[in-house]
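S.K.: take this sequence and fold it.
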Amino acid sequence: MKPESTSPGGEQEIGQLLTLGKCKQAVELAKENHKRLGTAGSQSLLVKVYAARIEQFHSKGMPKEAQALLNLVQERFPTERHQLAGSQIRAAAASGGLHELLSPLVSPHLAPETKTAIENAIAKHVTDLASLATCDALPAEHMLRTGAAVVWRAFTAVVGGPVAEAEISLPEISHRSPFAAWKMLIRAIAAFYRLDDDSARRALDAIPADSAVAPGALALRAMVDAKKPSAGIAGVLYGRIVPDDQPLRSALEKIDGAFEYLDESQLLSGIREMIRRCPASQTELLERLKQNVIVRCLNENAPILGVVRVLGTIRKNAYFWRLAARSTEAYRTIAQSAFSWERFLRHAVHEGMFAESSAEAAVIWLHIADLLFPFSLHELELARREMVDRRGMSSHYDDQPEEIALLRPASDRQLADDVLGPGSAYRHAARIQPDAETYAKWWAWADNIGLPDKHMEDIALDWSRARRGDVQPLLHLSMLAESRNALSMAIKWLGQAEAIDPMNMKVRSARFRLTLSITWRHCSDRKPHLVEKDIAELAALPGMNEGDRWAVLESIRTVWHRLSGNHELADASHQLVLQKMGPLAGTVLFCSIEKSAGQHAKDGTIFIPNNVD
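M.R.: As a prediction, the model looks like this:
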């Protein structure tokens, strides 16, 4: 090689060409310069220009040409391979040669600048994170493999449906990570689907223009701003995600206008245009549009036969039944809405949207129960008859594909009883979600509708069996027994409630009330020895010495002494009440106690102790 020499003019001109992006002309000039000078400096300059040309090939989407030129330069100038490290890494990344790209990272002698170049190449050019996460060129625990795995998992989740914040937070990915741009794109996508455009823009602003995800970021920004990119990969992505739907929208507007005046000709014309304008690749969209149209026709009482002929078979899957349920609620056909919600539940379970015993299923049954809450028993029976007479549900399955027809109800009568039977929806909800709130709603409905005591008792028993720690069903059972004068049974249920929560105010109040009821019975039956025990029980109850309760107890003692024939003690007890409460209040209280105890005279007069004026 010739001695060192410089060619300032040639080097300056080459630099200007590179600045202008004229790499091909720069290569030719650098080759002439090196041929003329033949120095180490001219050779280094030539390889530098070749590296720029290789990079230009990559930027133009010409990876084969870039690789061919890289191989040629490496073969001709082996001593300049260090200048081509970046080009080699870029070529490996662009060609998907992850093994070749990543294998240098396991070397203990890896230069820091080479490691940085590899990570930059990953950030700028690698889009197949799934392959990177499983690439055996690196140990499984290597941060690039683990980072690629968590980022790819978050990305597939966010583009697949609604996500929780925890699924996409990615705290392990720092702002210096090769996957930082991916993290920002994932956040932007999540914000876009939440209709939070400001957050989406902030995340997109943090994505470098030369990152691997930049085309996706440009397409997403175009969707956020509703401005289609003019060209490039971003334009292609935008076109696939947001096709030109104006013709389809015009057809839907035509259909909407036809409903306003029930113009059958315009309606059928609009439906045909809708089918024609819907992209062939959007089969699911077309099916949902057809479902929306038929449900709207049913609700608007539009001519249905012609519409069905144009639309063809309508899939009556979970989406259809949810649409029907919501629309019938809006049009206040509540019984029909209840049936539609039940059908949605069955089809949703069949389609794997949620389990039959899930919280979602319980919520649907409770919603059905809420819809039917105002119905009387007579109205429920009329609705069941109408369903059977019209073949209200089974006829919907006559033209359905096999996977949907499998869910045809066994009979309309059975379905009607299952949905509109008194309390049936609450029963279904309680079996799935036997919480106190569900049973409380069931009880409130039964009380409101005036259900017979036997059925009310069945609800309380079911409640008590399902929730053995609840005192409320035991109180209901005690109250029902008391209402039919089965006081021993009422005490039994109350005793179970006291064993669970003796300090409960409702339990304590029920104990006082029941003990009084038993006392009145014993007084009426003229059994003073039992009344004596009742008084002892009353005296032992908490709070009996508070307020005027002592006066009630003392008045009962007055009746007891009288029943026992001890008029002297009866007069003394009554006199004590009069002294404490005054003659008027004391007399009124005693008259009330005597009447409750059944001790007033047959002619309607009441017992007044001898010493009362």
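
S.K.: residue ranges in the stretch 451-600 of the chain under the pLDDT threshold?
M.R.: Residue ranges of the stretch 451-600 of the chain with pLDDT under 70: 543-547, 599-600.

S.K.: again, 90 this time
M.R.: Under the criterion pLDDT under 90, the flagged ranges of the stretch 451-600 of the chain are 475, 478-495, 497-499, 501-600.

S.K.: residue boundaries of the helices in it?
M.R.: 453-466, 472-483, 487-500, 505-524, 528-540, 549-563, 567-581, 583-596 (DSSP state H, counting those that start in this stretch).

S.K.: nearest to A444, of these?
M.R.: Nearest of the helices of the stretch 451-600 of the chain to A444, taken as CB to CB: helix 453-466 at 10.5 Å. C-beta here means a position set from N, CA and C on the backbone, and glycine is covered the same way.

S.K.: show the secondary-structure elements that that closest one is packed against.
M.R.: Counting contacts by 3 or more CB pairs under 8 Å, 6 or more residues apart in numbering; DSSP states H and E, helix 453-466 packs against helix 424-432, helix 436-449, helix 472-483.

S.K.: switch these over to a markdown table; also include mean neighbour count and distance to S592.
M.R.: Putting the helices and strands packed on helix 453-466 into a markdown table (neighbours: other CB atoms under 10 Å; distance: least, CB to CB, whole Å) gives the following:
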| stretch | mean neighbour count | distance to S592 |
| --- | --- | --- |
| helix 424-432 | 22 | 40 |
| helix 436-449 | 17 | 29 |
| helix 472-483 | 21 | 20 |
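
S.K.: can I get those helices in a markdown table with distance to I275?
M.R.: As requested, those are exported to a markdown table (distance: least, CB to CB, whole Å):
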| stretch | distance to I275 |
| --- | --- |
| helix 424-432 | 38 |
| helix 436-449 | 45 |
| helix 472-483 | 57 |
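
S.K.: between those helices, which gets nearest to V106?
M.R.: Nearest to V106, of the helices and strands packed on helix 453-466 and by CB to CB, is helix 424-432 at 54.4 Å.

S.K.: that closest one to helix 436-449, inter-axis angle?
M.R.: Helix 424-432 runs at 160 degrees relative to helix 436-449, counting by axes from the mean of the first three to the mean of the last three CA atoms, to 10 degrees.

S.K.: so Q16 is in which element?
M.R.: Using DSSP states H and E, Q16 maps to helix 8-19.

S.K.: please apply the same query to G41.
M.R.: G41 is part of helix 40-59 when elements are defined by DSSP H and E.

S.K.: who does that helix touch, helix- and strand-wise?
M.R.: Secondary elements touching helix 40-59 (3+ CB pairs under 8 Å, 6+ apart): helix 8-19, helix 23-37, helix 63-76, helix 85-95.

S.K.: centre of the chain to that helix, how far?
M.R.: 56 Å (CA atoms, centre = their mean, to the nearest Å).

S.K.: look up how far A26 lies from Q12.
M.R.: 12 Å (CB to CB, to the nearest Å).

S.K.: and L538, by the same measure?
M.R.: For L538, the distance to A26 - CB to CB - is 109 Å.

S.K.: which one of these two has more residues nearby?
M.R.: Set L538 next to A26 and count neighbours by other CB atoms under 10 Å: A26 wins out with 26 against 20.

S.K.: need the contact list for that one.
M.R.: Residues counted as contacts of A26 (CB atoms under 8 Å, 6 or more residues apart in numbering) are 14, 17-18, 49, 52-53.

S.K.: returning to that earlier point: for L72, find the nearest of the helices of the stretch 451-600 of the chain.
M.R.: helix 453-466 (80.4 Å).

S.K.: what's the angle from that closest one to helix 472-483?
M.R.: 150 degrees.

S.K.: wait, which of the helices of the stretch 451-600 of the chain is closest to D256?
M.R.: Among the helices of the stretch 451-600 of the chain, if distance is taken as CB to CB, the winner is helix 453-466, at 47.0 Å.

S.K.: how many neighbouring residues does S524 have?
M.R.: Neighbours of S524 (other CB under 10 Å): 12.

S.K.: surely it meets G598?
M.R.: Yes - using CB atoms under 8 Å, S524 is in contact with G598, at 3.5 Å.

S.K.: ok, and what's touching stretch 291-298?
M.R.: Contacts of stretch 291-298 (CB under 8 Å, 6+ apart): 255, 259, 271, 274, 302-304, 307-308, 311, 314-315, 319-320, 323-324, 327.

S.K.: buried subset of the residues you listed?
M.R.: Among the contacts of stretch 291-298, those classed as buried by neighbour count (16 or more other CB atoms under 10 Å) are 255, 259, 271, 274, 302, 307, 311, 314, 319-320, 323-324, 327.

S.K.: just to revisit the earlier point, how about the helices of the stretch 451-600 of the chain in a markdown table, adding distance to T79?
M.R.: A markdown table is the format used below for the helices of the stretch 451-600 of the chain (distance: least, CB to CB, whole Å):
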| stretch | distance to T79 |
| --- | --- |
| helix 453-466 | 84 |
| helix 472-483 | 90 |
| helix 487-500 | 90 |
| helix 505-524 | 94 |
| helix 528-540 | 107 |
| helix 549-563 | 109 |
| helix 567-581 | 118 |
| helix 583-596 | 116 |
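
S.K.: nearest to L204, of these?
M.R.: Using CB to CB, the nearest of the helices of the stretch 451-600 of the chain to L204 is helix 453-466, at 52.0 Å.
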